[in-house]
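J.: Give me a 3D structure for the following:
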Amino acid sequence: MYFALVTAVFSFFLSATLASAVPQGFVTTNGQEFELDGEPFAFVGSNSFWLPLLTTDTDVDTTFQQIVEGGIKVVRTWGFNAINGSELAGALESNLTYYQVWNSSEWILNDGPQGLERLDNVVETAGKFGIKLIVTFTNNWVGYGGSDLYLAWIGGENCYFLNIIPTLNEYAYLERYVQTIVERYKNSPNIFAWELMNEARCASDTYPSGPNCVPGTETITTWYKEQSDFVRSLDPFHMITTGGEGQFYWKDDTALASDFNFNGQAGEDFDRELFLENIDFGVYHMYPESWYPQALIPGSGFDTGELGPAMAAKQANKPIVLEEFGVKKANKSVIYPGWVQRAEDTKHAIMPWQFGALGLTEDGGNRIIKYTDELLNGASPNDGFAIYKSNTAVWDIFTSAAQVQDSRSG
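T.: Next up is the predicted model:
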């Protein structure tokens, strides 16, 4: 009993000491709330993967100015863009931002003016406008050289996605890049949090799920633990999150046995992930047009499942962020208010996919970036989800929500 009491007291003072040591301007957690310098920090955020792909300081400034006008406090962006060596000539010609070049079973860093200096500018400019950034280390999907590119070069034949991730860690392919990014910005208060991977699943665009990443194996949870522990060893103060979609492994719920988001097929186990020591808050994504089309039928009463993550966060006593969500075909001005209200009622942050900027001027406002991503008539890339200020009905939903969140902040 005496030993347990001493241990509890020691742990309390250790936690208090670490909390007091957090540098000014760094966002932290306190139970289910975020805090900034000891005051509540509630927010509406957004996603802008393309911010570091802009080529001029003017357009970066223009984008952040519009972000501020929307009441947005946190922006999520990609901290990755890798290419094959065969793509280099084209990248140089098109002025594409890139951070890594793969030519063999190794990669070369580009930290120059067409590389990490552009990410430097985004991080610095975010601070100038009072915006915090969630920076994602890599991608589950093939876009912009995510984990598939690592596997293509070092995985060999017949490899399965995530079965080989421990090998990546062992040989420091991914961790070397993560360390480069973390050490570059770990002293910056402009970083809200580090994110391990965008939408990790057992399968990717290119690689199928293997026998070591099936429901119940906890392969992704284990990977989250290893990676979050590694990042914490590099950076004691910035928050860390997964980047996952908020999928569950509810093995005893027969009603959801065929539901990809709850039967463990995706590989995530949201309940367990939130209890990992170095995962500071939970995130989830929601795209019902592809997941739950019946949810968009008026009067259906269908629950899209957003309460699952909220309940899990409550059990873990950690904050929760609806980090990505959107519809393309349905009327955004009809669908979004309900989702926003649900997030406000459960007091968690919201970050729609994705922010739309207008009035961009590089290359005359028309520029093909990569894939189908392009600037068109001065507008930032639009995949059907983008929210521009010119769409007043939708824009006002989030500016109003931002005012509510701001009233809850210190």
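J.: When you work out contacts or count neighbours from here on, use the C-alpha atoms and nothing else.
T.: Fine.
J.: quick one: the helices in this protein?
T.: For the chain, applying DSSP state H gives helices covering 2-21, 57-69, 88-94, 116-128, 147-154, 165-170, 173-185, 219-234, 270-273, 288-291, 307-316, 332-345, 392-407.
J.: So for the fifth one, mean pLDDT?
T.: Which is helix 147-154. Mean pLDDT, helix 147-154: 84.
J.: Please export the C-alpha coordinates of that helix as PDB.
T.: Taking C-alpha atoms only, helix 147-154 is exported to PDB below (Å, rounded to 0.1, in the frame of the first residue of the first chain):
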ATOM      1  CA  SER A 147       4.100   3.700 -48.200                       C
ATOM      2  CA  ASP A 148       3.500   1.800 -51.400                       C
ATOM      3  CA  LEU A 149       6.500   3.400 -52.900                       C
ATOM      4  CA  TYR A 150       8.600   2.100 -50.000                       C
ATOM      5  CA  LEU A 151       7.300  -1.400 -50.600                       C
ATOM      6  CA  ALA A 152       7.800  -1.200 -54.300                       C
ATOM      7  CA  TRP A 153      11.500  -0.600 -53.800                       C
ATOM      8  CA  ILE A 154      12.400  -2.800 -50.800                       C
END
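J.: How far off centre is it?
T.: Its chain's C-alpha centre and that of helix 147-154 lie 21 Å apart, by Cα atoms, centre = their mean, to the nearest Å.
J.: hang on, isn't Gly246 packed against Gly267?
T.: No. Using Cα atoms under 8 Å as the test, Gly246 is too far from Gly267 to be in contact (10.5 Å).
J.: Spatially, what comes nearest to the spatially most central residue of the chain if we skip its sequence neighbours?
T.: Residue closest to the average C-alpha location in the chain (Cα atoms, centre = their mean): Gly243, at 4.5 Å. Counting by Cα to Cα, 6 or more residues apart in numbering, Gly243 lies nearest to Asn198, which is 4.8 Å off, once chain neighbours are set aside.
J.: Equivalent analysis for Lys332, please.
T.: In space, Lys332 is closest to Val394, 6.5 Å off (Cα to Cα, 6+ apart).
J.: ok, that neighbour touching Ser333?
T.: Yes. With contact defined as Cα under 8 Å, Val394 counts as touching Ser333 (5.2 Å).
J.: what about the two, which has more around it?
T.: The residue with more neighbours, out of Val394 and Ser333, is Val394; 19 against 15, by other Cα atoms under 10 Å.
J.: so what's the more buried one up against?
T.: Neighbouring residues of Val394 by Cα atoms under 8 Å, 6 or more residues apart in numbering: Lys332, Ser333, Tyr336, Ile387.
J.: Report the separation between it and Val75.
T.: Distance of Val394 to Val75, given as Cα to Cα, to the nearest Å: 18 Å.
J.: Point out where the stretch 301-410 of the chain drops to low pLDDT.
T.: 301-307 (pLDDT under 70).
J.: The same query, at a cut-off of 90, please.
T.: Regions of the stretch 301-410 of the chain meeting the criterion pLDDT under 90 cover residues 301-311, 329-331, 335, 338-339, 342-348, 410.
J.: my read: Asn377 touches Gly365, true?
T.: Yes. Assessed by Cα under 8 Å, Asn377 is found in contact with Gly365 at 5.2 Å.
J.: what touches both of these two?
T.: With Cα under 8 Å, 6+ apart as the test, Asn377 and Gly365 both reach Gly359.
J.: what about these two, which has more around it?
T.: The residue with more neighbours, out of Asn377 and Gly365, is Gly365; 17 against 14, by other Cα under 10 Å.
J.: who's in contact with the nearest residue to that one once chain neighbours are set aside?
T.: Once flanking residues are discounted, Gly365 sits nearest to Gly378: 4.0 Å by Cα to Cα, 6+ apart. Contact analysis of Gly378 by Cα under 8 Å, 6+ apart lists Leu358, Gly359, Leu360, Thr361, Gly364, Gly365, Asn366.
J.: switch to 6 Å and redo it
T.: Going by Cα atoms under 6 Å, 6 or more residues apart in numbering, Gly378 touches Leu358, Gly359, Leu360, Thr361, Gly365.
J.: will you turn these into CSV that also has distance to Ser233?
T.: What follows is the contacts of Gly378, written out as CSV (distance: Cα to Cα, whole Å):
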residue, distance to Ser233
Leu358, 40
Gly359, 42
Leu360, 39
Thr361, 41
Gly365, 43
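J.: neighbour-wise, which of those leads?
T.: Using other Cα under 10 Å as the neighbour criterion, Leu360 leads the contacts of Gly378 with 23 neighbours.
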